[in-house]
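Trainee: below is the structure, and that's it, no one-letter string:
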DNA sequence: CTATTGGGTAAGTGAACGCTTACTTAGAGG
DNA sequence: CCTCTAAGTAAGCGTTCACTTACCCAATAG
(Lines give C-alpha, C1' and ligand atoms only; values in the text may rest on other atoms or scores of the structure.)
Protein backbone atom coordinates (compact mmCIF):
# COMPACT_ATOMS: atom_id res chain seq x y z
CA UNK A 1 0.00 0.00 0.00
CA UNK A 2 1.67 3.13 -1.16
CA UNK A 3 0.57 6.29 0.50
CA UNK A 4 1.61 9.91 0.46
CA UNK A 5 1.15 11.49 3.81
CA UNK A 6 1.65 15.06 4.76
CA UNK A 7 5.04 14.78 6.39
CA UNK A 8 4.57 17.83 8.53
CA UNK A 9 8.29 18.35 8.35
CA UNK A 10 7.90 21.97 7.44
CA UNK A 11 11.43 22.98 6.70
CA UNK A 12 12.62 26.54 6.54
CA UNK A 13 15.42 27.48 4.16
CA UNK A 14 18.22 26.72 6.59
CA UNK A 15 17.02 23.13 6.87
CA UNK A 16 15.89 23.41 10.47
CA UNK A 17 12.43 22.13 11.33
CA UNK A 18 9.89 24.77 12.06
CA UNK A 19 8.22 24.74 15.44
CA UNK A 20 4.46 24.68 15.36
CA UNK A 21 2.18 26.11 17.97
CA UNK A 22 0.39 23.62 20.15
CA UNK A 23 -2.85 24.12 18.25
CA UNK A 24 -1.23 23.69 14.87
CA UNK A 25 0.65 20.59 15.95
CA UNK A 26 -2.42 19.09 17.51
CA UNK A 27 -4.43 19.62 14.35
CA UNK A 28 -1.65 18.16 12.24
CA UNK A 29 -1.40 15.06 14.40
CA UNK A 30 -5.13 14.50 14.21
CA UNK A 31 -5.08 14.79 10.44
CA UNK A 32 -2.14 12.46 9.99
CA UNK A 33 -3.49 9.98 12.53
CA UNK A 34 -6.75 9.93 10.59
CA UNK A 35 -5.07 8.77 7.42
CA UNK A 36 -2.96 6.18 9.21
CA UNK A 37 -5.82 4.76 11.24
CA UNK A 38 -7.96 4.66 8.12
CA UNK A 39 -5.26 2.77 6.22
CA UNK A 40 -4.20 0.35 8.91
CA UNK A 41 -7.03 0.10 11.38
CA UNK A 42 -6.59 0.73 15.09
CA UNK A 43 -4.34 -2.23 15.85
CA UNK A 44 -2.42 -1.95 12.60
CA UNK A 45 -1.57 1.70 13.03
CA UNK A 46 1.58 2.26 15.08
CA UNK A 47 2.34 5.35 17.12
CA UNK A 48 5.86 5.35 15.67
CA UNK A 49 4.38 5.44 12.20
CA UNK A 50 2.08 8.37 12.97
CA UNK A 51 4.86 10.28 14.70
CA UNK A 52 7.22 9.71 11.80
CA UNK A 53 4.59 10.87 9.32
CA UNK A 54 4.21 14.01 11.42
CA UNK A 55 7.97 14.54 11.42
CA UNK A 56 8.22 14.42 15.21
CA UNK A 57 9.03 11.86 17.89
CA UNK A 58 6.55 9.66 19.65
CA UNK A 59 7.09 11.46 22.90
CA UNK A 60 5.57 14.60 21.45
CA UNK A 61 2.35 12.77 20.57
CA UNK A 62 2.04 11.84 24.22
CA UNK A 63 2.30 15.51 25.14
CA UNK A 64 -1.01 15.98 23.32
CA UNK A 65 -2.79 12.64 23.69
CA UNK A 66 -2.43 10.45 26.76
CA UNK A 67 -2.81 7.16 24.89
CA UNK A 68 -3.25 5.60 21.48
CA UNK A 69 -6.85 4.87 22.30
CA UNK A 70 -7.62 8.49 23.12
CA UNK A 71 -5.87 9.62 19.96
CA UNK A 72 -8.08 7.26 18.01
CA UNK A 73 -11.22 8.52 19.69
CA UNK A 74 -10.29 12.14 19.07
CA UNK A 75 -9.57 11.33 15.45
CA UNK A 76 -13.07 9.93 15.14
CA UNK A 77 -14.43 12.94 16.98
CA UNK A 78 -12.79 15.30 14.52
CA UNK A 79 -14.38 13.41 11.64
CA UNK A 80 -17.77 13.52 13.29
CA UNK A 81 -17.48 17.27 13.78
CA UNK A 82 -16.44 17.76 10.17
CA UNK A 83 -19.24 15.68 8.69
CA UNK A 84 -21.93 18.25 9.44
CA UNK A 85 -24.72 16.41 7.67
CA UNK A 86 -27.47 18.18 9.48
CA UNK A 87 -26.70 21.65 8.18
CA UNK A 88 -26.74 20.31 4.63
CA UNK A 89 -30.15 18.79 5.17
CA UNK A 90 -31.44 21.94 6.85
CA UNK A 91 -30.52 24.11 3.89
CA UNK A 92 -32.22 21.90 1.31
CA UNK A 93 -35.01 23.84 -0.40
CA UNK A 94 -38.39 22.33 0.38
CA UNK A 95 -39.92 22.88 -3.02
CA UNK A 96 -37.95 20.10 -4.67
CA UNK A 97 -39.47 17.10 -6.39
CA UNK A 98 -38.92 13.72 -4.82
CA UNK A 99 -36.40 12.85 -7.49
CA UNK A 100 -34.52 16.08 -6.88
CA UNK A 101 -34.35 15.45 -3.14
CA UNK A 102 -33.05 11.92 -3.58
CA UNK A 103 -30.65 13.15 -6.22
CA UNK A 104 -29.22 15.87 -4.01
CA UNK A 105 -28.81 13.54 -1.09
CA UNK A 106 -27.08 11.00 -3.30
CA UNK A 107 -24.78 13.64 -4.76
CA UNK A 108 -23.88 14.90 -1.31
CA UNK A 109 -23.05 11.42 -0.03
CA UNK A 110 -20.98 10.63 -3.09
CA UNK A 111 -19.11 13.93 -3.14
CA UNK A 112 -18.26 13.92 0.54
CA UNK A 113 -17.31 10.25 0.39
CA UNK A 114 -15.05 10.75 -2.58
CA UNK A 115 -13.65 14.04 -1.35
CA UNK A 116 -12.73 12.58 2.01
CA UNK A 117 -10.99 9.29 1.36
CA UNK A 118 -10.63 8.71 5.06
CA UNK A 119 -14.21 8.98 6.16
CA UNK A 120 -15.58 5.60 5.19
CA UNK A 121 -12.39 3.68 5.86
CA UNK A 122 -12.25 5.19 9.31
CA UNK A 123 -15.88 4.41 9.93
CA UNK A 124 -15.38 0.81 8.89
CA UNK A 125 -12.10 0.40 10.73
CA UNK A 126 -13.62 1.76 13.90
CA UNK A 127 -16.70 -0.39 13.52
CA UNK A 128 -14.69 -3.54 12.98
CA UNK A 129 -12.47 -2.89 15.98
CA UNK A 130 -15.60 -2.44 17.99
CA UNK A 131 -14.78 0.76 19.86
CA UNK A 132 -17.94 2.24 21.37
CA UNK A 133 -17.37 5.61 19.69
CA UNK A 134 -18.17 3.97 16.39
CA UNK A 135 -21.81 4.42 17.07
CA UNK A 136 -21.39 8.19 17.07
CA UNK A 137 -19.78 8.18 13.65
CA UNK A 138 -22.63 6.09 12.36
CA UNK A 139 -25.20 8.29 14.03
CA UNK A 140 -23.60 11.44 12.68
CA UNK A 141 -22.82 10.36 9.17
CA UNK A 142 -25.50 7.91 8.15
CA UNK A 143 -28.50 8.26 10.38
CA UNK A 144 -29.41 11.87 9.56
CA UNK A 145 -29.80 11.00 5.89
CA UNK A 146 -31.98 8.03 6.75
CA UNK A 147 -34.19 9.99 9.10
CA UNK A 148 -34.53 12.84 6.63
CA UNK A 149 -35.48 10.69 3.66
CA UNK A 150 -37.66 8.51 5.81
CA UNK A 151 -39.71 11.58 6.76
CA UNK A 152 -39.98 12.63 3.13
CA UNK A 153 -41.14 9.19 2.10
CA UNK A 154 -43.63 8.98 4.96
CA UNK A 155 -45.17 12.27 3.87
CA UNK A 156 -45.41 11.06 0.31
CA UNK A 157 -47.12 7.89 1.41
CA UNK A 158 -49.53 9.83 3.61
CA UNK A 159 -50.48 12.11 0.75
CA UNK A 160 -51.09 9.03 -1.35
CA UNK A 161 -48.43 10.06 -3.85
CA UNK A 162 -46.29 7.02 -3.09
CA UNK A 163 -46.98 3.34 -2.72
CA UNK A 164 -47.43 2.33 0.88
CA UNK A 165 -43.82 1.35 1.51
CA UNK A 166 -42.12 1.26 4.89
CA UNK A 167 -40.45 4.69 5.05
CA UNK A 168 -37.53 3.65 7.25
CA UNK A 169 -36.66 0.49 5.34
CA UNK A 170 -36.93 2.43 2.11
CA UNK A 171 -34.77 5.32 3.24
CA UNK A 172 -32.21 2.91 4.65
CA UNK A 173 -32.10 1.02 1.38
CA UNK A 174 -31.47 4.17 -0.63
CA UNK A 175 -28.78 5.50 1.68
CA UNK A 176 -27.17 2.07 1.77
CA UNK A 177 -27.22 1.88 -1.99
CA UNK A 178 -25.33 5.14 -2.31
CA UNK A 179 -22.92 4.56 0.56
CA UNK A 180 -22.10 1.15 -0.83
CA UNK A 181 -21.00 2.81 -4.06
CA UNK A 182 -18.44 4.85 -2.18
CA UNK A 183 -17.22 1.87 -0.17
CA UNK A 184 -17.01 -0.37 -3.22
CA UNK A 185 -15.01 2.23 -5.03
CA UNK A 186 -12.60 2.95 -2.22
CA UNK A 187 -12.03 -0.62 -1.05
CA UNK A 188 -12.06 -2.57 -4.29
CA UNK A 189 -11.83 0.12 -6.89
CA UNK A 190 -15.11 -1.22 -8.10
CA UNK A 191 -17.21 1.04 -10.32
CA UNK A 192 -13.90 2.39 -11.52
CA UNK A 193 -14.31 5.87 -12.90
CA UNK A 194 -18.06 5.76 -12.55
CA UNK A 195 -18.05 6.84 -8.94
CA UNK A 196 -15.54 9.62 -9.40
CA UNK A 197 -18.05 11.24 -11.70
CA UNK A 198 -21.19 10.88 -9.61
CA UNK A 199 -23.52 12.16 -12.32
CA UNK A 200 -23.68 8.88 -14.18
CA UNK A 201 -24.52 7.01 -10.99
CA UNK A 202 -27.17 9.48 -9.98
CA UNK A 203 -28.72 9.67 -13.44
CA UNK A 204 -28.93 5.91 -13.59
CA UNK A 205 -29.99 4.87 -10.11
CA UNK A 206 -31.98 7.69 -8.58
CA UNK A 207 -34.75 7.69 -11.19
CA UNK A 208 -35.01 3.92 -10.92
CA UNK A 209 -35.44 4.08 -7.19
CA UNK A 210 -37.84 7.01 -7.15
CA UNK A 211 -40.00 5.70 -9.98
CA UNK A 212 -40.33 2.48 -8.04
CA UNK A 213 -41.89 4.40 -5.19
CA UNK A 214 -44.60 6.00 -7.29
CA UNK B 1 -16.35 -7.45 22.68
CA UNK B 2 -17.57 -10.67 24.12
CA UNK B 3 -17.31 -13.70 21.99
CA UNK B 4 -17.94 -17.39 22.38
CA UNK B 5 -15.44 -19.37 20.42
CA UNK B 6 -15.26 -23.07 19.93
CA UNK B 7 -12.52 -23.87 22.38
CA UNK B 8 -11.50 -27.02 20.62
CA UNK B 9 -10.50 -28.37 23.98
CA UNK B 10 -12.34 -31.58 23.43
CA UNK B 11 -12.00 -33.24 26.75
CA UNK B 12 -12.59 -36.89 27.38
CA UNK B 13 -14.01 -38.03 30.69
CA UNK B 14 -10.67 -38.29 32.44
CA UNK B 15 -9.95 -34.64 31.74
CA UNK B 16 -7.17 -35.27 29.25
CA UNK B 17 -7.29 -33.40 25.97
CA UNK B 18 -8.14 -35.43 22.95
CA UNK B 19 -5.68 -35.51 20.09
CA UNK B 20 -7.07 -34.55 16.72
CA UNK B 21 -5.87 -35.79 13.37
CA UNK B 22 -3.94 -33.33 11.28
CA UNK B 23 -6.94 -32.70 9.04
CA UNK B 24 -9.31 -32.12 11.93
CA UNK B 25 -6.92 -29.80 13.67
CA UNK B 26 -6.22 -27.88 10.52
CA UNK B 27 -9.90 -27.36 9.89
CA UNK B 28 -10.47 -26.29 13.48
CA UNK B 29 -7.65 -23.77 13.35
CA UNK B 30 -9.02 -22.28 10.15
CA UNK B 31 -12.48 -21.93 11.64
CA UNK B 32 -11.28 -20.36 14.86
CA UNK B 33 -8.85 -18.10 13.04
CA UNK B 34 -11.73 -16.94 10.87
CA UNK B 35 -13.73 -15.70 13.82
CA UNK B 36 -10.74 -14.06 15.46
CA UNK B 37 -9.54 -12.32 12.29
CA UNK B 38 -13.10 -11.17 11.63
CA UNK B 39 -13.41 -9.73 15.11
CA UNK B 40 -10.01 -8.14 15.42
CA UNK B 41 -8.71 -7.61 11.93
CA UNK B 42 -5.35 -8.92 10.75
CA UNK B 43 -3.15 -6.79 12.96
CA UNK B 44 -5.48 -7.00 15.93
CA UNK B 45 -5.68 -10.77 15.92
CA UNK B 46 -2.84 -12.42 17.86
CA UNK B 47 -1.47 -15.87 17.20
CA UNK B 48 -1.49 -16.53 20.93
CA UNK B 49 -5.18 -15.68 21.01
CA UNK B 50 -6.04 -17.99 18.15
CA UNK B 51 -3.98 -20.81 19.65
CA UNK B 52 -5.61 -20.38 23.02
CA UNK B 53 -9.06 -20.40 21.45
CA UNK B 54 -8.10 -23.66 19.75
CA UNK B 55 -6.91 -25.10 23.03
CA UNK B 56 -3.37 -25.69 21.77
CA UNK B 57 -0.02 -23.92 21.85
CA UNK B 58 1.22 -21.48 19.27
CA UNK B 59 3.91 -23.88 18.16
CA UNK B 60 1.27 -26.23 16.85
CA UNK B 61 -0.22 -23.54 14.63
CA UNK B 62 3.18 -23.17 13.03
CA UNK B 63 3.20 -26.89 12.27
CA UNK B 64 0.29 -26.21 9.94
CA UNK B 65 0.80 -22.64 8.75
CA UNK B 66 4.25 -21.14 8.21
CA UNK B 67 3.22 -17.61 9.18
CA UNK B 68 0.39 -15.46 10.42
CA UNK B 69 0.03 -13.99 6.95
CA UNK B 70 -0.39 -17.39 5.33
CA UNK B 71 -2.90 -18.38 7.99
CA UNK B 72 -4.86 -15.26 7.16
CA UNK B 73 -4.74 -15.95 3.45
CA UNK B 74 -5.87 -19.53 3.94
CA UNK B 75 -8.69 -18.35 6.15
CA UNK B 76 -9.85 -16.09 3.35
CA UNK B 77 -9.39 -18.93 0.90
CA UNK B 78 -11.63 -21.19 2.96
CA UNK B 79 -14.33 -18.51 2.96
CA UNK B 80 -14.03 -18.07 -0.77
CA UNK B 81 -14.38 -21.79 -1.32
CA UNK B 82 -17.41 -21.94 0.95
CA UNK B 83 -19.22 -19.02 -0.66
CA UNK B 84 -20.05 -20.93 -3.82
CA UNK B 85 -22.19 -18.20 -5.34
CA UNK B 86 -21.91 -19.52 -8.85
CA UNK B 87 -23.66 -22.81 -8.22
CA UNK B 88 -26.57 -20.97 -6.64
CA UNK B 89 -26.89 -18.76 -9.70
CA UNK B 90 -26.56 -21.72 -12.05
CA UNK B 91 -29.46 -23.54 -10.42
CA UNK B 92 -31.86 -20.60 -10.58
CA UNK B 93 -34.84 -21.51 -12.79
CA UNK B 94 -34.94 -19.37 -15.91
CA UNK B 95 -38.69 -18.99 -16.07
CA UNK B 96 -38.84 -16.52 -13.18
CA UNK B 97 -40.18 -13.01 -13.40
CA UNK B 98 -37.75 -10.15 -12.94
CA UNK B 99 -39.08 -9.52 -9.47
CA UNK B 100 -38.67 -13.16 -8.53
CA UNK B 101 -35.07 -13.20 -9.73
CA UNK B 102 -34.15 -10.07 -7.80
CA UNK B 103 -36.02 -11.39 -4.79
CA UNK B 104 -34.20 -14.71 -4.82
CA UNK B 105 -30.82 -13.06 -5.18
CA UNK B 106 -31.62 -10.68 -2.33
CA UNK B 107 -32.80 -13.53 -0.12
CA UNK B 108 -29.66 -15.51 -0.85
CA UNK B 109 -27.37 -12.59 -0.02
CA UNK B 110 -29.25 -11.84 3.18
CA UNK B 111 -29.44 -15.44 4.34
CA UNK B 112 -25.81 -16.25 3.70
CA UNK B 113 -24.72 -12.95 5.22
CA UNK B 114 -26.77 -13.49 8.35
CA UNK B 115 -25.96 -17.18 8.60
CA UNK B 116 -22.25 -16.54 8.38
CA UNK B 117 -21.42 -13.71 10.74
CA UNK B 118 -17.80 -13.88 9.72
CA UNK B 119 -18.12 -13.43 5.99
CA UNK B 120 -18.65 -9.71 5.68
CA UNK B 121 -16.48 -8.76 8.63
CA UNK B 122 -13.67 -10.81 7.15
CA UNK B 123 -14.18 -9.28 3.74
CA UNK B 124 -14.08 -5.78 5.19
CA UNK B 125 -11.17 -6.50 7.52
CA UNK B 126 -9.15 -7.94 4.68
CA UNK B 127 -10.05 -5.08 2.38
CA UNK B 128 -9.07 -2.45 4.92
CA UNK B 129 -5.76 -4.10 5.65
CA UNK B 130 -5.14 -4.13 1.93
CA UNK B 131 -3.93 -7.68 1.45
CA UNK B 132 -4.02 -8.58 -2.24
CA UNK B 133 -6.16 -11.67 -1.63
CA UNK B 134 -9.03 -9.37 -0.78
CA UNK B 135 -9.77 -9.03 -4.43
CA UNK B 136 -10.52 -12.73 -4.67
CA UNK B 137 -13.05 -12.56 -1.86
CA UNK B 138 -14.72 -9.64 -3.60
CA UNK B 139 -14.62 -11.39 -6.95
CA UNK B 140 -16.06 -14.56 -5.49
CA UNK B 141 -18.71 -13.16 -3.22
CA UNK B 142 -19.96 -9.99 -4.85
CA UNK B 143 -19.06 -9.94 -8.50
CA UNK B 144 -20.99 -13.05 -9.60
CA UNK B 145 -24.24 -11.53 -8.38
CA UNK B 146 -23.49 -8.29 -10.20
CA UNK B 147 -22.60 -10.00 -13.44
CA UNK B 148 -25.63 -12.26 -13.26
CA UNK B 149 -28.13 -9.47 -12.62
CA UNK B 150 -26.40 -7.23 -15.08
CA UNK B 151 -27.00 -9.80 -17.81
CA UNK B 152 -30.64 -10.17 -16.83
CA UNK B 153 -31.14 -6.42 -16.92
CA UNK B 154 -29.34 -6.08 -20.23
CA UNK B 155 -31.65 -8.68 -21.76
CA UNK B 156 -34.69 -6.87 -20.42
CA UNK B 157 -33.49 -3.61 -21.87
CA UNK B 158 -32.80 -5.21 -25.22
CA UNK B 159 -36.28 -6.70 -25.37
CA UNK B 160 -37.66 -3.27 -24.58
CA UNK B 161 -39.26 -4.49 -21.37
CA UNK B 162 -37.11 -2.24 -19.22
CA UNK B 163 -36.10 1.40 -19.37
CA UNK B 164 -32.74 1.88 -21.01
CA UNK B 165 -30.69 1.83 -17.82
CA UNK B 166 -27.00 0.95 -17.58
CA UNK B 167 -27.13 -2.76 -16.70
CA UNK B 168 -23.90 -2.85 -14.73
CA UNK B 169 -24.56 0.26 -12.67
CA UNK B 170 -28.06 -0.98 -11.98
CA UNK B 171 -26.98 -4.44 -10.92
CA UNK B 172 -24.24 -3.01 -8.76
CA UNK B 173 -26.70 -0.69 -7.08
CA UNK B 174 -29.06 -3.52 -6.24
CA UNK B 175 -26.37 -5.83 -4.92
CA UNK B 176 -24.90 -2.96 -2.93
CA UNK B 177 -28.28 -2.14 -1.48
CA UNK B 178 -28.71 -5.67 -0.19
CA UNK B 179 -25.12 -6.17 0.99
CA UNK B 180 -25.28 -2.88 2.83
CA UNK B 181 -28.23 -4.21 4.81
CA UNK B 182 -26.14 -7.09 6.08
CA UNK B 183 -23.18 -4.87 6.89
CA UNK B 184 -25.32 -2.26 8.63
CA UNK B 185 -26.90 -4.93 10.71
CA UNK B 186 -23.69 -6.68 11.69
CA UNK B 187 -21.57 -3.59 12.34
CA UNK B 188 -24.06 -1.18 13.89
CA UNK B 189 -26.98 -3.40 14.66
CA UNK B 190 -28.89 -1.11 12.37
CA UNK B 191 -32.16 -2.38 10.94
CA UNK B 192 -32.41 -4.29 14.20
CA UNK B 193 -34.63 -7.30 13.79
CA UNK B 194 -35.58 -6.35 10.26
CA UNK B 195 -32.59 -8.00 8.70
CA UNK B 196 -32.83 -11.18 10.69
CA UNK B 197 -36.19 -11.71 9.07
CA UNK B 198 -35.28 -10.97 5.46
CA UNK B 199 -38.86 -11.19 4.20
CA UNK B 200 -39.80 -7.69 5.31
CA UNK B 201 -36.75 -6.22 3.62
CA UNK B 202 -37.35 -8.11 0.41
CA UNK B 203 -41.06 -7.36 0.33
CA UNK B 204 -40.37 -3.67 0.81
CA UNK B 205 -37.33 -3.00 -1.34
CA UNK B 206 -37.30 -5.47 -4.20
CA UNK B 207 -40.63 -4.37 -5.70
CA UNK B 208 -39.57 -0.73 -5.43
CA UNK B 209 -36.36 -1.39 -7.29
CA UNK B 210 -37.85 -3.64 -9.95
CA UNK B 211 -40.85 -1.38 -10.62
CA UNK B 212 -38.43 1.46 -11.13
CA UNK B 213 -36.84 -0.46 -13.97
CA UNK B 214 -40.07 -0.99 -15.87
C1' DC C 1 20.97 40.81 27.40
C1' DT C 2 18.73 37.43 30.46
C1' DA C 3 15.05 34.57 32.25
C1' DT C 4 11.43 31.65 31.43
C1' DT C 5 8.35 28.96 29.06
C1' DG C 6 6.90 25.51 26.16
C1' DG C 7 7.81 22.89 21.79
C1' DG C 8 10.64 19.13 21.03
C1' DT C 9 13.98 15.06 21.57
C1' DA C 10 17.19 10.85 22.99
C1' DA C 11 17.17 7.00 25.17
C1' DG C 12 15.14 4.15 27.33
C1' DT C 13 11.14 0.73 30.10
C1' DG C 14 8.55 -3.74 30.61
C1' DA C 15 5.33 -6.28 28.14
C1' DA C 16 3.70 -8.55 24.16
C1' DC C 17 4.52 -9.80 19.66
C1' DG C 18 5.68 -13.51 15.68
C1' DC C 19 8.17 -17.35 15.48
C1' DT C 20 11.67 -21.31 16.71
C1' DT C 21 13.98 -25.13 19.02
C1' DA C 22 14.32 -29.04 21.58
C1' DC C 23 11.70 -32.01 23.68
C1' DT C 24 7.45 -35.15 25.31
C1' DT C 25 3.84 -38.42 24.88
C1' DA C 26 -0.62 -40.39 23.02
C1' DG C 27 -2.06 -44.01 20.48
C1' DA C 28 -2.46 -46.93 16.12
C1' DG C 29 0.08 -51.09 13.84
C1' DG C 30 2.40 -55.04 14.33
C1' DC D 1 3.20 -55.97 24.75
C1' DC D 2 6.39 -52.99 22.47
C1' DT D 3 7.67 -49.64 18.77
C1' DC D 4 7.59 -45.73 16.27
C1' DT D 5 5.25 -42.01 14.22
C1' DA D 6 3.13 -37.80 14.53
C1' DA D 7 0.34 -34.79 17.60
C1' DG D 8 1.51 -31.68 20.89
C1' DT D 9 4.28 -28.80 24.38
C1' DA D 10 7.64 -25.77 27.35
C1' DA D 11 10.57 -22.37 27.10
C1' DG D 12 12.57 -18.85 25.07
C1' DC D 13 14.57 -16.17 20.83
C1' DG D 14 15.02 -11.35 18.84
C1' DT D 15 12.05 -7.59 17.78
C1' DT D 16 8.57 -4.22 18.18
C1' DC D 17 5.04 -2.33 20.71
C1' DA D 18 2.80 1.64 23.76
C1' DC D 19 4.45 4.57 26.78
C1' DT D 20 7.97 7.28 30.13
C1' DT D 21 11.79 9.96 31.92
C1' DA D 22 15.06 13.30 31.80
C1' DC D 23 16.72 16.49 29.30
C1' DC D 24 17.50 20.39 25.28
C1' DC D 25 16.94 24.72 23.04
C1' DA D 26 14.08 28.22 20.12
C1' DA D 27 11.43 31.94 20.82
C1' DT D 28 9.22 35.41 23.26
C1' DA D 29 8.71 38.98 27.10
C1' DG D 30 10.78 42.10 30.16
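Mentor: Now that the structure is in, tell me what you want to look at. What you see is a predicted model; the values in this text were computed from it and never measured.
Trainee: find the centremost residue of chain A, please.
Mentor: residue A:119 (3.0 Å; C-alpha atoms, centre = their mean).
Trainee: what about that one, distance to residue B:183?
Mentor: 16 Å (C-beta to C-beta, to the nearest Å). (C-beta placed from N, C-alpha, C; glycine too.)
Trainee: give me phi/psi at residue A:21?
Mentor: With angles defined as degrees, to the nearest 10, residue A:21 sits at phi -70, psi 160.
Trainee: do residue A:189 as well
Mentor: As for residue A:189, its main-chain torsions (degrees, to the nearest 10) stand at phi 50, psi 30.
Trainee: just the helices in chain A please.
Mentor: Remark: helices assigned in chain A by DSSP state H are A:22-44, A:47-54, A:58-64, A:68-83, A:85-90, A:98-115, A:117-129, A:134-141, A:143-158, A:167-188, A:192-196, A:198-213.
Trainee: and the second one, how far out from the chain middle?
Mentor: Think helix A:47-54. Relative to its chain's centre, helix A:47-54 lies at 23 Å (C-alpha atoms, centre = their mean, to the nearest Å).
Trainee: rewinding a little: now the helices of chain A as CSV including distance to DNA strand D?
Mentor: Shown next, in CSV, are the helices of chain A (distance: least, C-beta to the nearest atom of the strand, whole Å):
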stretch, distance to DNA strand D
helix A:22-44, 7
helix A:47-54, 4
helix A:58-64, 4
helix A:68-83, 3
helix A:85-90, 31
helix A:98-115, 28
helix A:117-129, 12
helix A:134-141, 19
helix A:143-158, 30
helix A:167-188, 23
helix A:192-196, 32
helix A:198-213, 36
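Trainee: make TSV from the ones you listed and add distance to residue B:175 and mean pLDDT to it.
Mentor: Shown next, in TSV, are those (distance: least, C-beta to C-beta, whole Å; pLDDT from 0 to 100):
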stretch	distance to residue B:175	mean pLDDT
helix A:22-44	25	96
helix A:47-54	35	98
helix A:58-64	41	98
helix A:68-83	26	92
helix A:85-90	25	94
helix A:98-115	17	95
helix A:117-129	18	90
helix A:134-141	22	85
helix A:143-158	20	97
helix A:167-188	8	94
helix A:192-196	14	65
helix A:198-213	12	95
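Trainee: ok, which of those helices comes nearest residue B:143?
Mentor: helix A:167-188 (9.2 Å; C-beta to C-beta).
Trainee: how far out from the middle of the chain is that closest one?
Mentor: Per C-alpha atoms, centre = their mean, the centroid offset for helix A:167-188 relative to its chain is 13 Å.
Trainee: mind checking if that helix is in reach of chain B?
Mentor: Yes - with C-beta under 8 Å from any C-beta of the partner chain as the criterion, chain B is reached by helix A:167-188 at A:169-170, A:172-174, A:176-177, A:179-181, A:184, A:187-188.
Trainee: as JSON lines, these with neighbour count would be great.
Mentor: Below are those laid out as JSON lines (neighbours: other C-beta atoms under 10 Å in any protein chain shown):
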{"residue": "A:169", "neighbour count": "22"}
{"residue": "A:170", "neighbour count": "26"}
{"residue": "A:172", "neighbour count": "28"}
{"residue": "A:173", "neighbour count": "26"}
{"residue": "A:174", "neighbour count": "28"}
{"residue": "A:176", "neighbour count": "25"}
{"residue": "A:177", "neighbour count": "27"}
{"residue": "A:179", "neighbour count": "24"}
{"residue": "A:180", "neighbour count": "23"}
{"residue": "A:181", "neighbour count": "28"}
{"residue": "A:184", "neighbour count": "23"}
{"residue": "A:187", "neighbour count": "19"}
{"residue": "A:188", "neighbour count": "17"}
